[in-house]
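Participant: Using only what follows, build the 3D model:
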Amino acid sequence: MSHFLDINGTDAGDLRAMIDQARSMKEARAGRPRGAPDDAQPLVGRMVALIFEKPSTRTRISFDVGVRQMGGQTMVLSGQDMQLGHGETIADTARVLSRYVDLIMIRTFEEATLHEMAEHATVPVINGLTNRTHPCQIMADILTYEEHRGPIRGRKVVWSGDGNNVCASFIHAAGQFGFDFTFTGPPTLDPEAVFVAEARARGVTVEIDRDPLRAVAGADLVVTDTWVSMHDPQSARERRHNQLRPYQVTERLMAAAKPDALFMHCLPAHREDEATSAVMDGPHSVIFDEAENRLHAQKAILRWCLGV
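Facilitator: Presented below is the predicted three-dimensional model:
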């Protein structure tokens, strides 16, 4: 049994195998209807619980479709359905669910909830997102980059904006896949120092540069994410906008990167905030390939967790 909780806690060789398998599975589906099953049906007879304490579009649909394409079935549960950690402890919920299903994917707020679920479950657990990390998204991003530009090892990735959970998993990936990473954003929203130190200890360059134009010089990939969460109060939203406005990804900023640099945003996006529509719809953007690749990357993660 293998949990997929974070990129930095998963063997680098296994991560590479997942990316390669995701690409092969995607290529095998070329030209097929979206609802058509895969030739291989490794999840036949398997039941996967998809738990959402946080609302979701891409995570919910991509996991649901991926399981079905591989012959399995899903049970979608909200935090309200389960009263997770309220009426029953998370540990007891994990023990009970393990008697019913073959795998648990959870999208939650606190990292502690994820780890308690994994500690007490007797089936694999996948991190669909926590407030601290978002590893499934970054696996899709690595897949997307390599589809367009080849191996990501040795490349330069620049994150512009808020050093949030997606940024954290990108830093984890830098250490595991061997690419350099630069964060540009306000000091109040820096990524966690422990993640930066860990990636550096793995031999990659991780830098913080407050000047976005200088930071993107030589970049192979420029990435950003939403400036606000749906749960942020209005006062916090206004403060974040004021802090992050200088780090908006514009055509001018992309022009300072390499001519063939890619642009990514995991979506949903607030157009004209973290990035302009001219960038999002422009020649550097691969945001919709990136969104599709959540499906293929997560199918490979599911197979790795179940050993199929």
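Participant: buried stuff in stretch 63-74?
Facilitator: 63, 64, 65, 66, 67, 68, 69, 70, 72, 74 (16 or more other CB atoms under 10 Å). In short, each C-beta sits where N, CA and C put it, glycine included.
Participant: okay if I get those as JSON lines plus distance to residue 292, pLDDT and secondary structure?
Facilitator: Compiled in JSON lines, the buried residues of stretch 63-74 are given as follows (distance: CB to CB, whole Å; pLDDT from 0 to 100; DSSP: H, G, I helix; E, B strand; the rest coil):
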{"residue": "63", "distance to residue 292": "14", "pLDDT": "98", "secondary structure": "helix"}
{"residue": "64", "distance to residue 292": "15", "pLDDT": "98", "secondary structure": "helix"}
{"residue": "65", "distance to residue 292": "11", "pLDDT": "98", "secondary structure": "helix"}
{"residue": "66", "distance to residue 292": "11", "pLDDT": "98", "secondary structure": "helix"}
{"residue": "67", "distance to residue 292": "16", "pLDDT": "98", "secondary structure": "helix"}
{"residue": "68", "distance to residue 292": "16", "pLDDT": "98", "secondary structure": "helix"}
{"residue": "69", "distance to residue 292": "13", "pLDDT": "98", "secondary structure": "helix"}
{"residue": "70", "distance to residue 292": "16", "pLDDT": "98", "secondary structure": "coil"}
{"residue": "72", "distance to residue 292": "20", "pLDDT": "98", "secondary structure": "coil"}
{"residue": "74", "distance to residue 292": "19", "pLDDT": "98", "secondary structure": "strand"}
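Participant: can you put the residues you listed in TSV and add distance to residue 15?
Facilitator: Formatted as TSV, the buried residues of stretch 63-74 follow (distance: CB to CB, whole Å):
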residue	distance to residue 15
63	19
64	24
65	22
66	18
67	21
68	25
69	22
70	20
72	23
74	24
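Participant: of those residues, closest to residue 308?
Facilitator: Of all these, residue 70 has the smallest distance to residue 308: 8.5 Å, by CB to CB.
Participant: so how many other residues sit close to the closest residue to the closest one other than its chain neighbours?
Facilitator: Nearest non-adjacent residue to residue 70, counting by CB to CB, 6 or more residues apart in numbering: residue 43, 4.1 Å away. By other CB atoms under 10 Å, the residues close to residue 43 number 25.
Participant: Tell me the buried residues in stretch 20-40?
Facilitator: For stretch 20-40, a neighbour-count test (16+ other CB under 10 Å) marks 21, 22, 23, 25, 26, 29, 38 as buried.
Participant: ok, and what's touching it?
Facilitator: Stretch 20-40 is contacted from outside by 65, 68-71, 139, 143, 146-147, 293, 296-297, 299-300, 303-304, using CB atoms under 8 Å, 6 or more residues apart in numbering.
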